[in-house]
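A.B. asks: take a look and give me a structure for this.
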Amino acid sequence: MKRIMGLDYGSVTVGVAISDALLLTAQGIEVIRRKQENKLRQTLARIEELIKEYEVGTIVVGYPKHLNNSIGERAQKSEEFAQKLRARTGLEVILWDERLTTVAAHQVLSQSGMDYSEKALVVDKLAAVLILQGYLDLQHFKNKEEI
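C.D. replies: Next up is the predicted model:
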């Protein structure tokens, strides 16, 4: 069974999470950083390396819709990024509603007692974990419903 990768796509970072082999839990792997938003070549190359390393079969990209369900600039950029991933990897890429995921990640890290600079280094990775875990939980729930 192929693993699932979760990505929190931001303007200069991409948080990366990978599922376990049983597709039950998400683990944060790393945060990919770039100097400019539109400079994606190295980011995409690193994602491809991780796909091979972890034997990924599906990618879930956070889709930051507005609370009123409308699509803004960040969501459009996530759609474009997902399309680039599909074209480059040939894998299924799913856009996953991530509303409030980054807020939740900040809350978890604030409760951990980390200072701001420590949180800044890991918040995108934790957001990717929350995105992927939400997707995995729904898939697990759907599978139980079918039984």
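A.B. asks: hey, where'd the helices end up in this structure?
C.D. replies: For the chain, the helices defined by DSSP state H cover 41-54, 73-89, 101-111, 116-146.
A.B. asks: OK, contacts around the closest residue to residue 62 other than its chain neighbours?
C.D. replies: Nearest residue to residue 62 in three dimensions, chain neighbours excluded: residue 98, at 3.5 Å (Cβ to Cβ, 6 or more residues apart in numbering). The C-beta positions use only the backbone N, C-alpha and C, and glycine is treated the same way. Each residue near residue 98 by Cβ atoms under 8 Å, 6 or more residues apart in numbering is listed here: 8, 62-64, 127, 130-131, 134.
A.B. asks: got it, and residue 17?
C.D. replies: Contacts of residue 17 by Cβ under 8 Å, 6+ apart are 5-7, 26-29, 125, 128-129, 131-133.
A.B. asks: show me the shaky parts of this structure.
C.D. replies: Low-confidence segments of the chain (pLDDT under 70): 100, 102-104, 106, 116-117, 119-121, 145-147.
A.B. asks: quick one on the thing from earlier: can you put the helices of the chain in TSV and add mean neighbour count and distance to residue 12?
C.D. replies: Listed next are the helices of the chain as TSV, based on neighbours: other Cβ atoms under 10 Å; distance: least, Cβ to Cβ, whole Å:
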stretch	mean neighbour count	distance to residue 12
helix 41-54	14	10
helix 73-89	16	12
helix 101-111	16	14
helix 116-146	17	10
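A.B. asks: any chance of those helices in TSV, with distance to residue 17 too?
C.D. replies: Putting these into TSV (distance: least, Cβ to Cβ, whole Å) gives the following:
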stretch	distance to residue 17
helix 41-54	10
helix 73-89	15
helix 101-111	11
helix 116-146	4
